[in-house]
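Colleague: what follows is a predicted protein model with its sequence.
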Amino acid sequence: MAAEEFLRTVPLFSGLEKAQLASIAGLMNEYSFAPGESIVTEGGTAYGLYVIAEGAVEVIRRDSDGDRNLRRMGPGEHFGELALLTKQRRTATVRALDRTVCYLLTSMRFDKLMDTQPALTKALCKTLAGWLASSNASELG
């Protein structure tokens with residue numbers, strides 16, 4: 001499936017128009033990961049947003065008792081949202097459970113997008129803010 005066609009099915013991008021989706025899809029690169037391969041590593045440099053197209057991943061955070069599995073994610077889900085807006089280090093490790101394909105939007109490309117297409121980035125930032133707010137609310141119980 002082509003990136004633009006796939007992104008149309010991802011809730012994160014649901015508020016975007018067709019031309020906006022095409023712009024984002026044109027900036028994303030596709031990467032494949034083998035089972036057991038780390039996609040991002042806790043404490044590592046954050047490069048951008050990953051959207052899972054195929055496969056499954058586990059999200060792991062290290063604490064005083066060792067590794068703690070936080071969640072499992074699959075197609076249409078994403079991680080690394082904060083990397084688009086901040087230069088923070090990764091807060092968890094994400095590891096492929098199966099052969100996994102992800103689309104990556106780097107923070108550098110997102111920065112250029114903000115300069116050239118402010119309406120698109122404004123729409124995407126609103127969606128990200130809503131997603132983060134609901135994520136925080138569910139964590140608080």
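Modeller: Yes, it's here. Numbering: from 1, shown residues only.

Colleague: in this structure, which spans are helices?
Modeller: Along the chain, the stretches classed as helices by DSSP state H are 3-7, 18-27, 81-85, 107-116, 118-140.

Colleague: what would those helices look like in JSON lines with distance to Asp65?
Modeller: Just so you know, the C-beta spots here come from the backbone N, C-alpha and C atoms, and that holds for glycine as well. JSON lines is the format used below for these (distance: least, C-beta to C-beta, whole Å):
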{"stretch": "helix 3-7", "distance to Asp65": "37"}
{"stretch": "helix 18-27", "distance to Asp65": "39"}
{"stretch": "helix 81-85", "distance to Asp65": "25"}
{"stretch": "helix 107-116", "distance to Asp65": "32"}
{"stretch": "helix 118-140", "distance to Asp65": "20"}
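
Colleague: ok, which of these comes nearest Ile39?
Modeller: helix 81-85 (12.3 Å; C-beta to C-beta).

Colleague: ok, residues contacting the closest one?
Modeller: For helix 81-85, contacts defined as C-beta atoms under 8 Å, 6 or more residues apart in numbering pick out 46-49, 88, 90, 105, 107, 110, 125, 128, 131-132.

Colleague: of the helices of the chain, which is nearest Ser64?
Modeller: helix 118-140 (19.8 Å).

Colleague: how about the contacts made by Val59?
Modeller: For Val59, the contacting residues are 69-73, 79, 92-94, by C-beta under 8 Å, 6+ apart.

Colleague: one more time with 6 Å, if that's ok
Modeller: With contact set as C-beta atoms under 6 Å, 6 or more residues apart in numbering, Val59 has these partners: 70-71, 92, 94.
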